[in-house]
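Undergrad: This is a predicted model, with the sequence first.
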Amino acid sequence: MNLRLLVAGFAATASILVSLPASADEPVSVALAASSDPADAGKARVTVTIRNHGDVPVTLAKYMMPFDWDGHLPNNQFEVTSSTDGQTQTYQSTYDYVNPVDPGMLVQLGAHQSISGTLDLRVSYQFDTQVNNRFTVRYRLPLGIVPDEQAPDPKSPTYETDPNRPRFIYSNTLQILVDPTAPLSGPANKTSSYAVATAGSP
């Protein structure tokens, strides 16, 4: 399946999908924060953390997470708008073809584990700073991208609590300040702080 069609299919159902806080019914949460490194001031570097609060693993599609890419993001994963007029900032990369059922493109986030990383959004988004340099950012994680044999049955009584049912998880909204003169951080969009942790571990 073409990734562009896959993403479009998720987008078509976004209006009926609800973003819920982590709970017994929705164990996955996403948090977005500005980089804590003072050297990143004005660089649109943000840290994304995905947590599985549940007791069973959740399948995640690597190409829908902003981690460990050597260049642009392979698809439009963030909602980036001007804080002044609400204009959407342009995703300036290209939708790369990815086979969504390739086992190498799927990863299991274990029970009570989290995964996090920091990236520079300027690599993948064109920030219009001519009038304003303040922007609003939100990350959108689609779940339910799994091989056909693992797809949950919508008619099952446990469907609404199945961690692999199709839905979007939205992060909090983050305000960032972009300095157009700040250099890009490191080699393009490489995520150097990508890490997996288990609840209770340091």
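TA: Arrived safely.
Undergrad: can you give me the helices for this structure?
TA: 3-12 (DSSP state H).
Undergrad: In the longest strand seen in it, which of the residues would be classed as buried?
TA: The longest strand of the chain (DSSP state E) is strand 134-143. Neighbour counts over strand 134-143 (16 or more other Cβ atoms under 10 Å) mark 135, 137-143 as buried. Placement of C-beta: from N, CA and C, glycine included.
Undergrad: taking those as a set, which two sit the farthest apart in space?
TA: Greatest spacing in the buried residues of strand 134-143, by Cβ to Cβ: 135 and 143 (26.0 Å).
Undergrad: quick one on the thing from earlier: kindly indicate which of the buried residues of strand 134-143 lies nearest residue 165.
TA: Taking Cβ to Cβ as the measure, residue 165 lies nearest residue 143 of these, at 7.5 Å.
Undergrad: On the strand side of things, show who the closest one bridges to.
TA: The partner list for residue 143 in beta bridges (DSSP bridges) reads residue 167.
Undergrad: Quote the end-to-end distance of stretch 143-150.
TA: 13 Å (Cα to Cα, to the nearest Å).
Undergrad: Give the residue spans of this protein that score low on pLDDT.
TA: Across the chain, the stretches falling below the confidence threshold (pLDDT under 70) are 1-25, 70, 94-101, 185-202.
Undergrad: try 80
TA: Filtered on pLDDT under 80, the chain yields the residue ranges 1-25, 68-71, 93-104, 131, 148, 183-202.
Undergrad: Where do the strands of it begin and end?
TA: Under the criterion DSSP E, strands of the chain are mapped to 28-34, 45-52, 58-61, 78-82, 90-91, 106-109, 113-120, 125-126, 134-143, 167-170, 174-177, 195-198.
Undergrad: State the distance from residue 42 to residue 59.
TA: For residue 42, the distance to residue 59 equals 36 Å [Cβ to Cβ, to the nearest Å].
Undergrad: I misspoke; the intended subject was residue 145.
TA: According to Cβ to Cβ, residue 145 and residue 59 sit 7 Å apart.
Undergrad: residues shared between the contacts of the two?
TA: residue 106 (Cβ atoms under 8 Å, 6 or more residues apart in numbering).
Undergrad: So for these two, which residue has more residues nearby?
TA: Using other Cβ atoms under 10 Å as the criterion, residue 145 and residue 59 rank with residue 145 on top: 23 against 16.
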